[in-house]
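Visitor: output the structure for:
(2 chains, ligands or ions: 2)
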Amino acid sequence: MSARLVPAARDAAGRRPDVPLRITVDGEPVAGVAGQTIAGVLLASGRRTWRSGPSGAPRGVFCGIGACFDCLVTVNGVRDVRACRRRARDGDTVATQSRGEDAR
Amino acid sequence: MSRLVVVVGAGPAGLGAAAGALRAGADVTLVDASEHPGGQYHRMLPGAFAAAHPGRLHHGWRGFERLRDHVLRHPRCDWWPESTVWSLERPGEGAPVVHVLRGEADAAGRERLVLRPDALVLAPGAHDRVLPFPGWELPGVYTAGAAQALAKGERLVVGDPVLIAGSGPFLLPVAASLIEAGATVLEVLEANPAATAARGWGRRPWELAPDAGKAGELAGYALLLARHRVPYRTGRAVIEARGDGRVEEAVTARLRPDWSVVPGTERTVPVDALCVSHGFSPQLELPVAAGCALTRTPGGAFTEVDADQRTTAPGVYAAGEITGIGGAPAARTEGLLAGWIAGGGDPRAREAAALSRRRDRARAFAARLAAAHPIGAAWPGWLREETVVCRCEETTYGSLRRAAGDQASGSARAVKLGTRAGLGPCQARVCGPTVAELLSGRVPGANPHHRPIAQPIRLGELASPPTENTPKPDRKESAR
Ligand SMILES: Cc1cc2nc3c(=O)[nH]c(=O)nc-3n(C[C@H](O)[C@H](O)[C@H](O)COP(=O)(O)OP(=O)(O)OC[C@H]3O[C@@H](n4cnc5c(N)ncnc54)[C@H](O)[C@@H]3O)c2cc1C
Ligand code: FES
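Guide: Ligands and ions are numbered 1, 2, ... in the order given. This next block holds a predicted model:
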């Protein structure tokens, strides 16, 4: 089994029923829930990797709090957004990045 | 005109600092990069979840809500969420000028704001420290903090089944959160042998009594683990992660007290996710930018503070994990004291004396924690020539060693330029302490926390003129 969202109906925190949202990742539609970060949407949709390091090795989330910069994506045309820190919005266009073409 | 205290970070330490400064009569601007206060400990759920019982995921939630509401609703407090301090500028005298970017995380065109406080309290917290091991860069290997942040902050389990490994009491709440969220936790591995932990915790037991809250919290986690039959093993570590493009199995092994591997004790465990933490690294770029001296301890560098939480930089105070790893109650107490003094409160006031005593006990607790969960010196024995040390630049252990050997008379800087270790997007946040440790004794060191730009700013934002902080209309006369 992979990463998943705790079902709202069984969430001890008493979440209300999920409000769905939709983003695209490299053109493909991906379903998420309002409140998730972009990293959360990607992980819950079964993706683990969306960036590659200098050698092409795959990367996704590592630190989850904005310290490691492993999770960088392009959001609505803006590069180098930390997916773990950015709340997903309905209609966001996300593109994956590779380190080879990083701006730095 | 009353004093303006700017507090950076709204975790336990920063919220405490804001409350302390308000109590002393100061105006407060509380700045945090997140959308909500609470920091790492009281990480709030997103508003869109409209959770009816957020407190069920937390310890001390009521107290947090009280403190939060008191601070955020206070007429003398300005709360700035989604506001990142990207630079501190040292004027000739007085507290630093604070440069802020306000807007969605890493967005383009965020608003640039400037604050000129009379006193600055820094409370930016820490992030997990993870020692490298072969395969740690594989997707599916997370910091324990990542698993915690995702479970508490957006109700996501990073995988199932999960193995948790590393060192420190923090592994327990992470296991508890994952179990609560419905994941199978295979085992929790503490690298230190039971004897080391027992020595740290068992010495001078009377010191623990005032921290009964924290001790009780930890005991609760231990019970939960027992109830779910999750083994907690000491003297054992993950020394390798394997898999094709993602983690598929973890190799665990028994360790000696110095963390060298006992040959022949290796075991392979199939996992979906691996969560690792060997302690915490304080976020020191802001204290360093402010000109604060650091103290070196066996557990790493921290911001040096005096008995009143004053740093060595004029007008700058520090609280929470950047002064030592002591947990949330310690952070809050330090914050209350720092805020009170920064706000102009009398250090000899009765309340301040009581806070100092509590803070001293909290520091004793932190020292114990460090003694119970040290990092064993022989850990580099896990590394192979080809093991990645710097994740961003994929600098290997072998290339780092060769560069250090070639440049025996050179500097850490030359090694870094040669190998690119620490020069990638994370700016050595992850590998800095590790590289410094691996090079120590070989080449003269450099400060791994020196980052003039504390958080990324885009060129377009840099080019646009900043706005001076505009005071709240209802208290113009008291603000500046
Ligand atoms: C990911 C993670 C999860 C944790 N979870 C737990 C847990 O469940 N239980 C536990 O006992 N301990 C936990 N800890 C340990 C935790 O660090 C302490 O217990 C406690 O939260 C420390 O309080 P603090 O106020 O010093 O820092 P924090 O709580 O880390 O608060 C620091 C705040 O400063 C803000 N900040 C940092 N830099 C800037 C900047 N440049 N500009 C603006 N704002 C900034 C951050 O957004 C953050 O809100 C966790 C640590 C981490 C890293
Ligand atoms: S996962 Fe580390 S910055 Fe996002």
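
Visitor: residues contacting residue B:304?
Guide: Each residue near residue B:304 by C-beta atoms under 8 Å, 6 or more residues apart in numbering or on different chains is listed here: B:292, B:293, B:294, B:295, B:311, B:312. In short, each C-beta sits where N, CA and C put it, glycine included.

Visitor: who wins for most neighbours among these?
Guide: Across those, the neighbour count under other C-beta atoms under 10 Å in any protein chain shown reaches its highest value at residue B:311, namely 25 neighbours.

Visitor: so that one sits right up against residue B:289, yeah?
Guide: No: with contact defined as C-beta atoms under 8 Å, residue B:311 does not count as touching residue B:289 (11.8 Å).

Visitor: and the residue of the stretch 351-480 of chain B that's closest to ligand 2?
Guide: Scanning the stretch 351-480 of chain B for proximity to ligand 2 using C-beta to the nearest ligand atom identifies residue B:426 as nearest, at 7.5 Å.

Visitor: burial of that residue, as a residue count?
Guide: The local packing of residue B:426 (other C-beta under 10 Å) involves 21 other residues.

Visitor: and for residue B:406?
Guide: Counted with other C-beta under 10 Å, residue B:406 comes out at 12.

Visitor: kindly report the same for residue B:229.
Guide: 7.

Visitor: same check on residue B:230?
Guide: 18.

Visitor: I figured it was touching residue B:175, is that so?
Guide: Yes: Residue B:230 is within contact range of residue B:175, at 6.3 Å (criterion: C-beta under 8 Å).

Visitor: now do the shared contacts for those two.
Guide: B:185, B:188.

Visitor: sorry, back to before: ok, the residue of the stretch 351-480 of chain B closest to ligand 2 - contacts?
Guide: A:67, A:68, A:69, A:70, B:391, B:392.

Visitor: not counting sequence-adjacent ones, nearest residue to whichever residue of the stretch 51-200 of chain B sits closest to chain A?
Guide: Among the residues of the stretch 51-200 of chain B, residue B:146 lies nearest to chain A; the distance is 2.8 Å by C-beta to the nearest C-beta. In this structure, residue B:146 finds its nearest non-sequential neighbour in residue A:64, 2.8 Å apart by C-beta to C-beta, 6 or more residues apart in numbering or on different chains.

Visitor: that neighbour contacts residue A:39, correct?
Guide: Yes: if you go by C-beta under 8 Å, residue A:64 and residue A:39 touch, sitting 7.3 Å apart.

Visitor: need the residues touching each of the two.
Guide: A:84, B:150.

Visitor: so the two - more neighbours on which side?
Guide: residue A:64 (33 against 28).

Visitor: how much space between that one and ligand 1?
Guide: 6 Å (C-beta to the nearest ligand atom, to the nearest Å).

Visitor: torsion angles phi and psi at that residue?
Guide: Note on residue A:64: backbone dihedrals following degrees, to the nearest 10 are phi 70, psi 0.

Visitor: how about residue B:113?
Guide: Main-chain torsions, residue B:113, degrees, to the nearest 10: phi -130, psi 150.

Visitor: count residues in the vicinity of it, would you?
Guide: Residues lying near residue B:113 (other C-beta under 10 Å) number 19.

Visitor: OK, contacts around the residue lying closest to it once chain neighbours are set aside?
Guide: Spatial nearest neighbour of residue B:113, excluding adjacent residues (C-beta to C-beta, 6+ apart): residue B:100 at 4.4 Å. Residue B:100 sits next to B:31, B:80, B:83, B:84, B:85, B:86, B:112, B:113, B:114, B:115 when contact means C-beta under 8 Å, 6+ apart.

Visitor: switch to 6 Å and redo it
Guide: Residue B:100 makes contact with B:83, B:85, B:113 under the criterion C-beta atoms under 6 Å, 6 or more residues apart in numbering or on different chains.

Visitor: paired strands for the one helix or strand the second one maps to, with orientation please.
Guide: Spelled out, that is residue B:85. Using DSSP states H and E, residue B:85 sits in strand B:83-89. Applying DSSP bridges to the sheet, strand B:83-89 is found paired with strand B:97-102 (antiparallel).

Visitor: can you tell me which of the contacts of residue B:304 lies nearest to ligand 2?
Guide: Closest approach between the contacts of residue B:304 and ligand 2, by C-beta to the nearest ligand atom: residue B:294, at 23.9 Å.

Visitor: isn't that closest one up against residue B:301?
Guide: Yes: using C-beta atoms under 6 Å, residue B:294 is in contact with residue B:301, at 4.4 Å.

Visitor: domains for chain B, by residue range?
Guide: Chain B breaks down into these domains under automatic domain parsing: B:4-127+B:281-370, B:130-278, B:379-439.

Visitor: what is the end-to-end distance of the shortest one?
Guide: Taking C-alpha to C-alpha, to the nearest Å, domain B:379-439 runs 14 Å from one end to the other.

Visitor: again, but for the longest one
Guide: Terminal residues of domain B:4-127+B:281-370 lie 35 Å apart, using C-alpha to C-alpha.

Visitor: that one near ligand 1 anywhere?
Guide: Yes: in terms of C-beta under 6 Å from any ligand atom, part of domain B:4-127+B:281-370 sits within range of ligand 1, namely B:8-14, B:31-34, B:39-41, B:84-85, B:123-127, B:283, B:286, B:320-321, B:327-328, B:331.

Visitor: next step: those restricted to helices.
Guide: B:12, B:13, B:14, B:286, B:328, B:331 (DSSP state H).

Visitor: nearest to residue B:223 among the contacts of residue B:304?
Guide: Each of those was checked against residue B:223 using C-beta to C-beta; the closest is residue B:295, at 36.4 Å.

Visitor: what sits against the closest one?
Guide: So residue B:295 contacts B:302, B:304 (C-beta under 6 Å, 6+ apart).

Visitor: that one and residue B:311, how far apart?
Guide: 11 Å (C-beta to C-beta, to the nearest Å).
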